[in-house]
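1. task: produce atomic coordinates for the following.
(chains A and B)
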Amino acid sequence: MRKPRILLVDDEEEFVKTLAERLQLRDFDVRIATDGEGALDIVEADPPQLVVLDMIMPGMGGLEVLKQIKAMNRRMPVILLTGHGSTAEGIEGMRLGAFDYLMKPINIDDLIKKMEAAAGSK
Amino acid sequence: MAVFNWHQRFIKSFFRFEEGDASPDRYIIFRRKFIILMILVTLVPLSLMAIINYHQYRTSLKNEIIDPMGVLSNKTKHSFELFLEEKLSNVRFIASAYPLKDLADEKTLSRIFRVLKKEFEGFVDLGLIDCDGVQVTYAGPYALRGKDYSQQGWFHEVLVRGVYISDVFMGYRKFPHIAIAVQLMAEGCDGWVLRATIGTEKFDNLIASMGLDPESDAFLINDNGIFQTNTKFYGKVLEKCPFAPPRGNYGTYIAEEIDPMGREVVSVYTHFNQLSYAIVLIKPRSVILKNWFTLQGEMILIFSASVVLIFLVVFKLADVLVKNMREADEKRELAYRELEHSQKLSSIGRLAAGVAHEINNPLAIINEKAGLLKDLVEYQDQSQNKAKFLDLSGSILNSVERCKTITHRLLGFARRMEVQFEILNVNTIILETLGFLEQEYLYRNIDIRLQLAENLPQISSDLGQLQQVFLNILSNAFAAVEDGGKVSIISWDENPDMIGVTIQDNGCGMSEETLKHIFEPFFTTKKGYGTGLGLPITYGIVKKMGGDFKVESKLAEGTKFTVLLAKNPKDIGDKL
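-> As a prediction, the model looks like this:
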């Protein structure tokens, strides 16, 4: 099975780069963005198959980015990362159309499972 | 102002309790102090007033009764004096109007005596005595002509004072009478005396005219305390009076004494102006104070009734006051504890949020870096230390996982998300929340039994918070049961204001000691993986939503969580 093309969005560069490298080790095609605007540009220019999106970012927040992605492509699966440890925020994101959510720090195997499920659901 | 301060200080010191004195005795002490103070401030003035009134009434009533006794006694004295004065005038008139030769003439004197006896009552005899003290003529029932009075005291007293009125004495006929003697004033008869004897029946009439009640007595005595009239209770005429009349007192004298019959009596002594007589009026106290005793009885009755009433009111008042005070204290204590609890939660929450938030991001980076390290070793490194590297990085990742659990819980506990109310169906939320845990209960083969009320009313609440509540309780239930255990969820319409949800498991249950602490932050029985924040968070949310939260549990039998949720949490604003 071909690995999906992924966009990772997180304002913490160290985090996003390391995670991208790990996913690339697993043969994922990964792009990264460190803010909402950059993420939306990539989605618009070269739509990925899946977006992994941090909820808390300076400037445009994760939920806002989620709404705009959904506005552009309703079927684009988005997995949310939340650093606040609250299921409620994740649930809020899911109500806005996110496929699922994960709490930071994440377990890469969980992420991959959810990404595969999301890609499969598409 | 000083008085006011003193008063305030007194009240404060009287009702003050030691700081932090929460012993149940303080209500008993307060009640006792209150009762004593109230009884003091009511009974002291009442008693003083009663005593003053008692004495005032007694004095005025006594005066009202005793004064008329004095008046009556005085009037009787006047009557006596008038009577004696009249008799004296009669004799004086004869002594002045008739020449000595007429009076010395037996026939003329007899005629004068007859007229006298006829016109003026009481005269017994009439006689003329010469300057040698020998009775020269006599008109009357006895043969007293020639009797020599020269040696008798009264004869000399007449010669000195001009007139003489004797004490009562028994005459030849053995009935009481008095003698009146007058010195003749005409020329040539110096030392001659006209003497008349008068019966004392009139005295008895005068005493009788006082109209005394059967218990009282009145009589005449002379200076030596000899009865001059008969008495009702104390003896006959010329006997010694048992009362000691005051000597040398001219006027009215009132005394309270005990009579020979043992009665308490009030005696009024009224002395005659000229004569050495006194009229004595005796009334028993019981007669005088009859009205007083009635009044006294009524006063005692009213006083006693007032005292009983005061006691009843004060005791009742004290009870009500203490009850209200106790209830207010209990309410305050409860409110204080709740506040303390929520403040504790909130301050711990702020601290936890700070720590967790700061730690969570670096933790994510550590996680990824360690993960990458592990990946690199796993995918590319063929060195002899590969196993060691994998073990070390796995260990880092495990530790990160443990930290993550703690920071996530801390953040959840500390989260102060704004509550957003919307109309929700609790059954739907339960099903959704159960959906998050589907994998776990399917994997562990846990028997989920749902008994959700149909037509359960919708409530106004916050979706995220409610989900968190059910997620926490369900997680606990799942943790408590063995694989293949049973968890039942029941929802129902409790009352017009509340709906209820019960989540019950047949797991390990909790001891009473554990139950006491389950709402305390950081208390956990899940050694190693519990944060001790789940139930405090749940409790806080339910309370914030205007609901209630109950836990019943028995070791080895299971635990039952009951959540009551307000349909319309109106006062939510106060609690947030």
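
2. on the three-state scheme, the spatially most central residue of chain A is what?
-> With distances taken as CA atoms, centre = their mean, A:Val52 lies nearest the centre of chain A, 1.0 Å away. Per DSSP: H, G, I helix; E, B strand; the rest coil, the local secondary structure of A:Val52 is strand.

3. for it, give me the pLDDT.
-> What the model reports for A:Val52 is a pLDDT of 93.

4. again with B:Asp21
-> 55.

5. what's the answer for the one 10 residues further on, then?
-> Per-residue confidence (pLDDT) for B:Arg31: 88.

6. re the thing from before, ok, the residue nearest to the centre of chain A touching A:Leu81?
-> Yes: assessed by CB atoms under 8 Å, A:Val52 is found in contact with A:Leu81 at 6.4 Å. All C-beta atoms are positioned from the backbone trio N, CA, C, and that covers glycine.

7. which residues does B:Glu148 contact?
-> Residue B:148: Asp, not Glu. Listed by CB atoms under 8 Å, 6 or more residues apart in numbering or on different chains, the contact set of B:Asp148 reads B:132-135.

8. next, give phi and psi for it.
-> Note on B:Asp148: backbone dihedrals following degrees, to the nearest 10 are phi -100, psi 120.

9. for chain A, which segments count as strands?
-> Ranges of strands within chain A are A:5-9, A:29-33, A:50-54, A:78-82, A:100-103, based on DSSP state E.

10. packing partners of the third one?
-> Spelled out, that is strand A:50-54. Here strand A:50-54 touches strand A:5-9, helix A:36-45, helix A:62-72, strand A:78-82, helix A:108-121, going by 3 or more CB pairs under 8 Å, 6 or more residues apart in numbering or on different chains; DSSP states H and E.

11. what do you get if the cut-off is 7 Å, keeping everything else the same?
-> In terms of contacts (3 or more CB pairs under 7 Å, 6 or more residues apart in numbering or on different chains; DSSP states H and E), strand A:50-54 is packed against strand A:5-9, helix A:62-72, strand A:78-82, helix A:108-121.

12. most distant residue from the centre of chain B?
-> Distance from the centre of chain B peaks at B:Gln382, with 99.9 Å (CA atoms, centre = their mean).

13. Three-state assignment for that one, please.
-> B:Gln382 falls in the coil class when you classify it by three-state DSSP.

14. what's the offset of the worst-scoring helix or strand of chain A on mean pLDDT from the middle of its chain?
-> None of the helices or strands of chain A scores lower by mean pLDDT, DSSP states H and E than helix A:87-95, at a mean of 74. Helix A:87-95 sits 14 Å away from the centroid of its parent chain (CA atoms, centre = their mean, to the nearest Å).

15. now do stretch B:354-366
-> So, by CA atoms, centre = their mean, the centroid of stretch B:354-366 is 71 Å from its chain's centroid.

16. flag every residue of the stretch 301-450 of chain B that's near chain A.
-> For the stretch 301-450 of chain B, the residues in contact with chain A (CB under 7 Å from any CB of the partner chain) are B:356, B:360-361, B:363-365, B:367-369, B:371-372, B:375, B:379, B:400, B:404, B:407-409, B:411-412, B:415, B:417.

17. quick check on those residues: which are buried?
-> B:356, B:360-361, B:363-365, B:367-369, B:371-372, B:375, B:400, B:404, B:407-409, B:411-412, B:415 (16 or more other CB atoms under 10 Å in any protein chain shown).

18. would JSON lines of the strands of chain A with distance to B:Val266 be doable?
-> Output for these, formatted as JSON lines (distance: least, CB to CB, whole Å):
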{"stretch": "strand A:5-9", "distance to B:Val266": "121"}
{"stretch": "strand A:29-33", "distance to B:Val266": "124"}
{"stretch": "strand A:50-54", "distance to B:Val266": "115"}
{"stretch": "strand A:78-82", "distance to B:Val266": "109"}
{"stretch": "strand A:100-103", "distance to B:Val266": "110"}
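
19. lowest average confidence across those, which one?
-> Looking across these, the weakest by mean pLDDT turns out to be strand A:100-103, at a mean of 84.

20. tell me the strands beside that one, with direction?
-> strand A:78-82 (parallel) (DSSP bridges).

21. who's in contact with the spatially most central residue of chain B?
-> Nearest to the geometric centre of chain B sits B:Ile39, at 3.3 Å (CA atoms, centre = their mean). By CB atoms under 7 Å, 6 or more residues apart in numbering or on different chains, the contact set of B:Ile39 is B:310, B:314.

22. switch to 8 Å and redo it
-> B:310-311, B:314 are the contacts of B:Ile39 under CB under 8 Å, 6+ apart.

23. among those residues, which lie within helices?
-> Per DSSP state H, helices hold the following members of the contacts of B:Ile39: B:310-311, B:314.

24. for chain A, state which of those is nearest.
-> B:Val314 (59.4 Å; CB to the nearest CB).

25. can you count the residues close to that closest one?
-> Residues lying near B:Val314 (other CB atoms under 10 Å in any protein chain shown) number 19.

26. outline the domain layout of chain B.
-> For chain B, the structural domains run B:61-217+B:256-271+B:279-288, B:324-414, B:417-575, going by automatic domain parsing.

27. which of the contacts of B:Ile39 sits closest to A:Lys70?
-> B:Val314 (77.0 Å; CB to CB).

28. once you drop chain neighbours, what's closest to B:Tyr27?
-> B:Val322 (5.1 Å; CB to CB, 6 or more residues apart in numbering or on different chains).

29. so that neighbour is in which element?
-> B:Val322 is part of helix B:290-379 when elements are defined by DSSP states H and E.

30. compute the inter-axis angle for that helix and strand A:50-54.
-> Calculated by axes from the mean of the first three to the mean of the last three CA atoms, to 10 degrees, helix B:290-379 forms an angle of 130 degrees with strand A:50-54.

31. in terms of secondary structure, what does helix B:290-379 contact?
-> So helix B:290-379, by 3+ CB pairs under 8 Å, 6+ apart, packs with helix A:13-25, helix B:25-97, helix B:386-414, helix B:534-544.

32. and B:Pro284, how many neighbours does it have?
-> What B:Pro284 shows, counting by other CB under 10 Å, is a neighbour count of 18.

33. what's across from it in the sheet?
-> Beta-bridge partners of B:Pro284, as defined by DSSP bridges: B:Val265.

34. pretty sure it contacts B:Pro214?
-> No: the criterion here is CB under 8 Å, and B:Pro284 misses it with B:Pro214 at 10.4 Å.

35. make a markdown table out of the helices and strands packed on helix B:290-379 and add distance to B:Gly153.
-> Formatted as a markdown table, those follow (distance: least, CB to CB, whole Å):
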| stretch | distance to B:Gly153 |
| --- | --- |
| helix A:13-25 | 151 |
| helix B:25-97 | 19 |
| helix B:386-414 | 129 |
| helix B:534-544 | 119 |
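
36. which stretch among the ones you listed comes nearest B:Ile300?
-> Short answer: helix B:25-97, nearest of the helices and strands packed on helix B:290-379 by CB to CB, at 8.7 Å.

37. just checking, what packs against the following helix or strand past the closest one?
-> Next along the chain after helix B:25-97, taking DSSP H and E as the criterion, comes helix B:100-103. In terms of contacts (3+ CB pairs under 8 Å, 6+ apart), helix B:100-103 is packed against helix B:106-119.

38. tell me the mean pLDDT for the helix or strand just after the helix it packs on?
-> From helix B:106-119 onward toward the C-terminus, using DSSP H and E, the following helix or strand is strand B:123-129. Per-residue pLDDT values over strand B:123-129 give a mean of 91.

39. from the chain's centre, how far out does the next helix or strand after strand B:123-129 sit?
-> Counting by DSSP H and E, the next helix or strand C-terminal to strand B:123-129 is strand B:135-139. With CA atoms, centre = their mean as the basis, strand B:135-139 stands 87 Å off its chain's centre.

40. which outside residues touch strand B:135-139?
-> B:103-106, B:109-110, B:112-114, B:125-130, B:144-149, B:195.
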